[in-house]
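>>> Predicted model and sequence below, questions to follow.
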Amino acid sequence: MGIKFGTRICLLVCLTLSVWLLAVATSPHPAQAQTALRVAYLIPGSNKEPFWLSAASFAQAAADDLGFTLEIHYAFNDGRKLLEIGKDVANRPKDKPNYIIFHNYEGAAPYIMNEIERNNLLGFVVGTGLSETVRQTVKGPREKFKSWLGEVKADNVGGGNMLAKLLFRAAFERGLTSASGRYTMALVNGSAGDSAAQDRQEGAILASKEYYRGEIISRSIADWSRIKARAIAARAFEKNPTTPMYWIANDLMALGVLDTFERTRRIPGQDTLIGCFNWSPWALQAVANNQIEYVLGGHFIHAGAALVMLFDHSRGTDFRDKGLSQVAQYSLVTKTNVKAIYQRMVQNDYSSIDFRKFSRVLNPNWQTYSFDALTYLSDIR
């Protein structure tokens, strides 16, 4: 009798424990406790470009961690196509996204905002900010367009200025001058119609005016192409073979410039200094190999960082008090930190980052938002 009673008690305890363990195991993640919200991310570039692949991968990791359903659309470097995608996404009859994250590529942002507003959706701009002319009309977030929640803008003028100053300073410290005795720089930009590229160039020009004997002797457009950059560098070298510095607007074009120098007597890292943007694995490898001096980047994280802000917004904590227009600085990679960054970027896997750590809703003691790639990447396990 005692044995049977004890057995029943044991079975009851075991059953209760099993039910409790099942409930714990199947309970929703704190970030997924509510119905998953849908977010559309409109990427202006191609799914074959390393920068945009990193941006998409980082955003997807953030969405997975925060419980969003993320859809990604590529416009393949076509501003009109970006606008068409924005219209289609905002106007489709069902499964509309709750939020749309998009870039102001070739001035498409205000038109996409209009579609978002008409359809009672919510939008967030990342990357390049609106031009001053356009901003005079649409103002800032939540002014003309109430559905425009906020923006994270890359400091392109500051980034271009920083890269040029680093090159000028390095040339001065190493005594690298052209035949004229001046610190001359060749500038290879990406696109005449891309405001981000133009802003970076503006920053470089400002730096050249600040440096004694600093001078930008050539400015070229290579349309983000390695092949075009190779040809431009060949012509620049033929005209000014002793130019010690090359400021280049992205990593792919930097490789084109390096292609040219393989056929000359100039030695990048010794008598020629190269600086560029974007943390592609091959650009980082070139830093490790002493071929590229500086690489500015980290701006691929902006959509993922925006998702953290939108997660808090969807849970009732607005980010208005922290500013609707955030300006994000570029992060610098040199030989001193390239190894750690390369290991993270070459994998292009950000799934181990705990994006919940950066949410104010889930972490009441966390009272800011981070737009620093080095901060996020340091969380990779």
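Nice, thanks for sending it over. Numbers count the residues shown, from 1 in each chain.
>>> Show me where this protein dips below the pLDDT cut-off.
Counting by pLDDT under 70, the chain shows low-confidence ranges at 1-34.
>>> 50 instead, please
The chain contains residues with pLDDT under 50 at 1-33.
>>> Please enumerate the helices of it.
Counting by DSSP state H, residue ranges of the helices within the chain are 2-26, 50-66, 79-91, 109-118, 132-138, 156-174, 195-210, 226-239, 251-261, 281-288, 302-314, 338-347, 373-377.
>>> Turn those into CSV, columns for distance to residue 273 and mean neighbour count.
For every residue, glycine as well, the C-beta is placed using N, CA and C. Output for the helices of the chain, formatted as CSV (distance: least, CB to CB, whole Å; neighbours: other CB atoms under 10 Å):
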stretch, distance to residue 273, mean neighbour count
helix 2-26, 57, 9
helix 50-66, 23, 22
helix 79-91, 33, 19
helix 109-118, 35, 20
helix 132-138, 33, 11
helix 156-174, 5, 21
helix 195-210, 14, 20
helix 226-239, 14, 18
helix 251-261, 11, 23
helix 281-288, 12, 20
helix 302-314, 28, 25
helix 338-347, 16, 17
helix 373-377, 23, 20
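>>> Can you check which of those helices gets nearest to residue 102?
Nearest of the helices of the chain to residue 102, taken as CB to CB: helix 109-118 at 5.4 Å.
>>> Would you mind listing the outside residues contacting that closest one?
Contacts with helix 109-118, where a contact means CB atoms under 8 Å, 6 or more residues apart in numbering, come from 42, 82-83, 86-87, 90-91, 100, 102-103, 122-123, 125, 130, 134, 137-138, 145-148.
>>> For residue 220, find the nearest of the helices of the chain.
Across the helices of the chain, closest to residue 220 is helix 226-239 (CB to CB), at 4.5 Å.
>>> Give me the helices and strands touching that closest one, please.
strand 183-189, strand 214-221, helix 251-261 (3 or more CB pairs under 8 Å, 6 or more residues apart in numbering; DSSP states H and E).
>>> The same query, at a cut-off of 6 Å, please.
strand 183-189, helix 251-261 (3 or more CB pairs under 6 Å, 6 or more residues apart in numbering; DSSP states H and E).
>>> separation between the nearest residue to residue 279 once chain neighbours are set aside and residue 51?
In space, and not counting its chain neighbours, residue 279 is closest to residue 297: 3.7 Å by CB to CB, 6 or more residues apart in numbering. Separation of residue 297 from residue 51 (CB to CB, to the nearest Å): 8 Å.
>>> what do you get for residue 260?
Relative to residue 51, and taking CB to CB, residue 260 is found at 22 Å.
>>> Point to the residue nearest the middle of this structure.
With distances taken as CA atoms, centre = their mean, residue 300 lies nearest the centre of the chain, 1.9 Å away.
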